[in-house]
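**Q** Turn this into a model:
(one chain, ligands or ions: 2)
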Amino acid sequence: MLKDPAQKYQPYPPLSLPDRTWPEKQIAHAPRWLSTDLRDGNQALAEPMDVARKMQLWNLLLDCGFKEIEVAFPSASQTDFNFVRQLIENHHIPDDVTIQVLTQAREDLIARTFEALHGASRATVHLYNATAPLFRRLVFGMEKAQVIELATRSTRQIRKLCEENPQTHWQYEYSPETFCFTEPEFALEICEAVAAIWQPSAERPMIINLPATVEVNTPNVYADQIEWFCRHFSQREAVCISVHPHNDRGTGVASAELAVMAGADRVEGCLFGNGERTGNVCLVTLAMNLYSQGVTPGLDFSDMTRVVEVVESCNQLPVHPRHPWAGRLAYTAFSGSHQDAIKKGFDARRPGERWEMPYLPIDPQDIGCTYEAVIRVNSQSGKSGSAWLIEQNHGLTLPRALQQDFSQHVQREADEGGKEMTQNALWQLFRSRYGLVPAPRFHLLSYSSESQQDGLLRLTAAISHDGETRQLEGCGNGLLSAAASGLSSWVAQSFVIKDYHEHTLGERSDSRSVAYIHCLFQDGSSRWGVGIDNDVARASLQALLNTLA
Ligand SMILES: CC(=O)SCCNC(=O)CCNC(=O)[C@H](O)C(C)(C)COP(=O)(O)OP(=O)(O)OC[C@H]1O[C@@H](n2cnc3c(N)ncnc32)[C@H](O)[C@@H]1OP(=O)(O)O
Ligand SMILES: CC(C)C(=O)C(=O)O
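**A** Ligands and ions are numbered 1, 2, ... in the order given. Take a look at the predicted model:
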């Protein structure tokens, strides 16, 4: 039994900002993106990436269109150091891409960081130190002034090293780590102190990154903190405000979006939300959220399957099948009412129209998926799902009453098997139920018909019945009624044709035809039959015969 949590935990206080403006804002353009897959994502892996895996992920990040990539914590390990050296020495960094590296506020680590960056044409040096009361007290054992001194001393060192290496176009990023549970006034004070040393300008770009190092509050509180900081920072126009949400409460994406509404210019995160504990914010989700609202995200996920495969292989972690936008079940409907609505959506859709599709917020084709996975059938499915698959895969547009009839068979089979019906199993069930088999019980071999003087039509047909050839004769107003009159004696009961539909399969003049017939028998039973043939009359006669089987 869980004990009273109030005895053990306390809420983090929200910030008072009654005149907040962010709730009225809409995100009309994409923020700057920084991928930290190769740093924050990497440091959270049981087995951090080697250089080869890092290179594979680096190439993917470039293909996705990232222009800022945090590639390493070079002073942490030889692997990270070597990776940075390889990127620079082997000219892997495109001109429009800036690499970023992280360092603690320690003199030796900063020196080693600059060794790693030697010769880079553009680079961002990222300094962090925790600022929250708990960390000041517990981790550093420092008063506020000492923490400020730590950050400013290191900034001074970094500035000096940048000036000594003018061949590189430098950018500086400072993170008051644990920002989201630091007193806002202290976070502001330390950032002001750091900026006063760096002196940001267009020539000396600076990023102030305000991380939710551990997500401890609802996203609206984070948004208030960001808006408050943006309003109070003295050099707001001279710096880029970045956010770096983690996902401890499962609201990393919401935190990032509200933070952008609150004034952030840039978002740091990882693909599919890899990262410490429950992860960094997922950049795929953020970008696709924008895309689905008609906002160009500036990142390209048009081959999502490849992105998932590479990330899974590099991180050695699976992407959840229900991951937003990218999971292999993200566009799949099993349930009947969803399938029905989707089928109606596709039926109503005209080329060039805006996307308006029940249950599908984007067109799966935009991220390289086919429509095949959109509808899958199991015992939770209804008539529209099966009808959709038969139509998509075989071109048969089933009449509504036949959809209902077939659905009952599908339901029974799926329930009994307790499994999903594969597309092939569904088609085989359809064929066997409605007579589309190589040797149906009643098989039309040939037929001829002639009009009589009384206006009726006389039909003569050769039919293979359970392997034996029999002669069918009948008279009626048309071909089908003539056939039905003759067949009544064969099945020892009269029946009426309740429903008849036909259409061509395809658009060419020599396309085959499909006929659907529904018969009601004297004993109260009713059955559907389906026939497919080059000749529509043969298709209809065979469909009728298939109702008898
Ligand atoms: C929220 C984040 O993701 S921050 C990034 C975290 N990433 C990593 O830590 C991965 C890479 N790190 C490492 O490989 C190692 O931690 C190293 C190489 C950087 C440092 O290793 P070590 O020298 O063994 O130190 P260790 O990791 O134990 O760090 C603890 C010390 O650093 C201090 N420290 C922690 N963070 C910082 C910081 N940002 N700036 C300055 N000092 C810091 C601590 O107060 C502690 O000091 P103490 O030993 O005097 O008590
Ligand atoms: C270094 C900082 C930005 C960080 O990773 C965090 O706060 O989570």
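**Q** Could you use CA atoms for every contact and neighbour count after this?
**A** OK.
**Q** just checking, what's the longest helix in this protein?
**A** Ranked by residue count under DSSP state H, the longest helix found in the chain is helix 144-164.
**Q** Show me what the next helix or strand along the chain from that helix is packed up against.
**A** Counting by DSSP states H and E, the next helix or strand C-terminal to helix 144-164 is strand 169-177. Judged by 3 or more CA pairs under 8 Å, 6 or more residues apart in numbering; DSSP states H and E, strand 169-177 is in contact with strand 122-130, helix 184-198, strand 206-212.
**Q** how about 6 Å then?
**A** strand 122-130, strand 206-212 (3 or more CA pairs under 6 Å, 6 or more residues apart in numbering; DSSP states H and E).
**Q** so does it get close to ligand 2?
**A** Yes. Contact of strand 169-177 with ligand 2 (CA under 6 Å from any ligand atom) involves S175, E177.
**Q** same question, stretch 205-213
**A** Yes. Using CA under 6 Å from any ligand atom, stretch 205-213 reaches ligand 2 at P211, T213.
**Q** check contacts around R470.
**A** R470 is in contact with A462, I463, counting by CA atoms under 6 Å, 6 or more residues apart in numbering.
**Q** I'd like to know how far the residue of the stretch 301-450 of the chain found nearest ligand 1 sits from D80.
**A** Using CA to the nearest ligand atom, N315 is the residue of the stretch 301-450 of the chain that sits closest to ligand 1, at 16.1 Å. For N315, the distance to D80 equals 15 Å [CA to CA, to the nearest Å].
**Q** Can you read off the backbone torsions of the nearest residue to Q167 once chain neighbours are set aside?
**A** Counting by CA to CA, 6 or more residues apart in numbering, Q167 lies nearest to S121, which is 6.7 Å off, once chain neighbours are set aside. The phi/psi pair for S121 (degrees, to the nearest 10) reads phi -80, psi -30.
**Q** try N315
**A** Main-chain dihedrals, N315, degrees, to the nearest 10: phi -80, psi -20.
**Q** go on, T469?
**A** Here T469 shows phi and psi, under degrees, to the nearest 10, equal to phi -80, psi 130.
**Q** which SS class is the spatially most central residue of the chain?
**A** Closest residue to the average C-alpha location of the chain: W325 at 1.2 Å, with CA atoms, centre = their mean. Of the three states, W325 takes coil under DSSP: H, G, I helix; E, B strand; the rest coil.
**Q** what's the neighbour count on Q453?
**A** Neighbours of Q453 under the rule other CA atoms under 10 Å: 7.
**Q** I'd like the average pLDDT over stretch 297-304.
**A** If you average the pLDDT over stretch 297-304, you get 98.
**Q** Export it to CSV, keeping only CA atoms.
**A** Coordinates of each C-alpha in stretch 297-304 appear next as CSV, following Å, rounded to 0.1, in the frame of the first residue of the first chain:
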residue,chain,number,x,y,z
PRO,A,297,9.2,22.0,-39.7
GLY,A,298,12.6,22.4,-41.3
LEU,A,299,13.3,18.7,-40.7
ASP,A,300,12.7,16.0,-43.2
PHE,A,301,11.1,12.7,-42.0
SER,A,302,9.8,11.6,-45.4
ASP,A,303,11.5,8.3,-45.0
MET,A,304,10.4,7.5,-41.5
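**Q** phi, psi of the residue nearest to the centre of the chain?
**A** phi 70, psi -30.
**Q** Would you agree G486 is in contact with Q471?
**A** No. Between G486 and Q471 there is no contact under CA atoms under 6 Å: 9.8 Å.
**Q** Look at these two and report which has more neighbours.
**A** Counted by other CA under 10 Å, G486 and Q471 do not tie: G486 has more neighbours, with 21 against 13.
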